[in-house]
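S.K.: Here is my input; please provide its structure:
(chains A and B)
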Amino acid sequence: MHLWLSVALIVVGIFSLTVGATEVSLGSALWKVVQGEALTRMEAIVLWDIRAPRLALGLMVGAALAMSGAVMQGLFRNPLADPGLVGVSAGAGLGAITAIVLAGLAPMWLALAVGDQLVPVAAFLGGWASTLLLYRVSTRRGRTSVATMLLAGIALGALAGALSGVLVYISDDRQLRDLTFWGLGSLGGANWTKVLTAGPIIMVSVVVAASLGRGLNGLALGEATAAHIGLNVQWIKNTAILTVAAATGAAVAVSGGIGFIGIVVPHLLRLGTGPDHRPLLINASLLGALLLVLADMIARVIIAPAELPIGIVTAVLGAPVFLWILLRQHAMVDL
Amino acid sequence: MIDRRGFVALTFAFGGMGTQLLASRDTRDVIAIGGDVTEIIFALNQGHRLLARDTTSTYPAAARDLPDVGYMRRLSAEGVLSFAPSLIVSAEGAGPPEVIDILRAASVEFAEIPTGYDAEAIAQKIHAVGAALAVPGKAAKLTADTHAALTAAVDRAARTDAMPKRVLFVLSTQGGRILASGTNTGAHGIIQMAGGTNAVSEFEGYKPLSDEAVSAAAPDVILMMDRSGDHAATDEELFALPAISSTPAAQSGDVVRMNGLLLLGFGPRTADAVTALNRALYPT
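M.R.: Below you'll find the predicted structure:
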């Protein structure tokens, strides 16, 4: 499974470098490089400044969201869990909305320090702040209660939603459209700065999270049993929560709200390879990356020269496929 | 230094009428973003230089025939580059900033046209578009013509004997909630120019109004955009809304619908919009 997904990922990755609104072709550009000819300005910019960072960002965001979804479903032992459950989405959304609506009020030194990156930075900080708050609320004497976290997360989500509502109310119509588009997600603003800032955070988180397979398998038996078979349950929880917050926070910061991937990719894989988390976590990050790069390809060519928000593509294409797979399953889904 | 635009200007200055048809193929190198900007470009007789436009550029009809590069705040870097433009003339606030950076790196010039909702703003827009397209002479003439027409229209509108009517601009009635215009909007500006009074002046921008606030605003006339083909509320539906039903406008059945870009564009056609709105407000 790993192998097939990896091969598919490489094929789709290369393909995504070759399609776009311009007629720049990867093949002829590579041939020029082989021949020692110089690329045209257009070829260099389209391939290197537009398509390549977009591919890199798509791979990382897709892997981060799908892996985070798989970890959350394992940690909460709940099929509906998604990365949002640790509060990171609500917090990131509030951070982004605050930055969009109140950017004009930002002090000069802040505007100079982060410049155009105010929205991603605010989203990342907002995501982290709300995860840490949620973690604090649900941890007593060194033990984190997953159930408390779930409930507190709902409360925190409602609070963030209300504060976002206040900001939406005071926003002007242009900011309102920005908010809407942010919520639908896009890889359109991809550049190397984003890849190099979000990349290390996402990659470290995904690699660490991939090692949680055995621990999450143990947790599936219940916390007490997991502790009896010698697992450090609190360590698993801490690692899961922190890696998910870091990976999702960074992904949401650079791409906005992209739904569906986090919740559905792990289920697709479970239907194929069963509930064992060890292959699941790695496969999820591969399939998530694959699907997001595919979705982004569609988003940018289907109404070219304009492009669709990617969140629309993931949901419109993903949801019917998922329903179809569920219908084809003779047995009911078990977790 | 003569940059590409300067060169285009020279071609135009010395090209003369005979070569203009020939030259027009080579000089098609501009993308227009924003309905008002596109209108001004066509009014300056520079429509033949456009490669593409954004979603809001729907006037004149020739603009609709151009390819659409999408919503101005969400431009696609590769989509725009696929036209190989050398200049983008855009209304304030095109983005996202990362995309603009890439376009600049690809040596696409980017001219941002200031926005605003009065006669002065229109003059500045035309001046800025003219400068970007290197046709300052034509821009000066269009500015003068537009200004004269607008002044005349506003004067005519101000000569109305009747008490100024209170006008409520309703952007949408989604779910029975009235989204109305406060001050510092295109709607506020055009209502004042046309000899009316904005019924809501407590806030800036567009905000949802409570039913009571609509009653308190007591508009004599409801002003809306006509969205041909869209699911705009009919007059019956509009006046049946609890918020609207108690207003003087509902009792007299006064609702005015005008094309959104004409009404709120603040470009060369604003004089027409003022006259049309004034006639609709004060029918004789």
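
S.K.: Let me know the distance separating the closest residue to chain B within the stretch 151-300 of chain A from A:Ile310.
M.R.: Residue nearest to chain B within the stretch 151-300 of chain A: A:Gly189 (3.9 Å; CB to the nearest CB). All C-beta atoms are positioned from the backbone trio N, CA, C, and that covers glycine. Look at A:Gly189 and A:Ile310: by CB to CB, to the nearest Å, they are 11 Å apart.

S.K.: Comparing these two, which residue is more hemmed in?
M.R.: Set A:Gly189 next to A:Ile310 and count neighbours by other CB atoms under 10 Å in any protein chain shown: A:Ile310 wins out with 28 against 25.

S.K.: Tell me which helix or strand the nearest residue to the more buried one once chain neighbours are set aside sits in.
M.R.: Excluding the flanking residues, the one nearest A:Ile310 by CB to CB, 6 or more residues apart in numbering or on different chains is A:Ala299, at 4.6 Å. Here A:Ala299 sits within helix A:277-301, counting by DSSP states H and E.

S.K.: The helix or strand just after that helix to helix A:277-301, inter-axis angle?
M.R.: Next helix or strand after helix A:277-301 toward the C-terminus (DSSP H and E): helix A:310-328. If you take axes from the mean of the first three to the mean of the last three CA atoms, to 10 degrees, helix A:310-328 sits at 130 degrees to helix A:277-301.

S.K.: What is helix A:310-328 packed up against?
M.R.: helix A:173-184, helix A:261-273, helix A:277-301 (3 or more CB pairs under 8 Å, 6 or more residues apart in numbering or on different chains; DSSP states H and E).

S.K.: cutoff 10 Å now
M.R.: Helices and strands touching helix A:310-328, by 3 or more CB pairs under 10 Å, 6 or more residues apart in numbering or on different chains; DSSP states H and E, are helix A:52-76, helix A:173-184, helix A:261-273, helix A:277-301.

S.K.: Near the residue of the stretch 151-284 of chain B found nearest chain A, how many other residues are there?
M.R.: Closest residue of the stretch 151-284 of chain B to chain A, CB to the nearest CB: B:Gly205 (4.5 Å). B:Gly205: 17 surrounding residues under other CB under 10 Å.

S.K.: Look up the closest residue to it, ignoring the ones flanking it.
M.R.: Per CB to CB, 6+ apart, closest to B:Gly205 is A:Asp172, 4.5 Å.

S.K.: Tell me, how many residues neighbour that neighbour?
M.R.: By the criterion of other CB under 10 Å, A:Asp172 has 15 neighbours.

S.K.: Quick check: pLDDT value at it.
M.R.: With respect to pLDDT, A:Asp172 has a value of 78.

S.K.: Assign B:Ala94 to helix, strand or coil.
M.R.: coil (DSSP: H, G, I helix; E, B strand; the rest coil).

S.K.: check contacts around the nearest residue to it once chain neighbours are set aside.
M.R.: Leaving aside its chain neighbours, B:Ala94 sits nearest to B:Met72 (4.7 Å; criterion: CB to CB, 6+ apart). Shown in contact with B:Met72 (CB atoms under 10 Å, 6 or more residues apart in numbering or on different chains): A:174, A:177, B:33-35, B:37, B:54-57, B:90-95.

S.K.: Just the buried ones from those, in PyMOL syntax?
M.R.: Per 16 or more other CB atoms under 10 Å in any protein chain shown, the buried members of the contacts of B:Met72 correspond to this PyMOL selection:
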select buried, chain B and resi 33+34+35+37+54+56+57+90+91+94+95
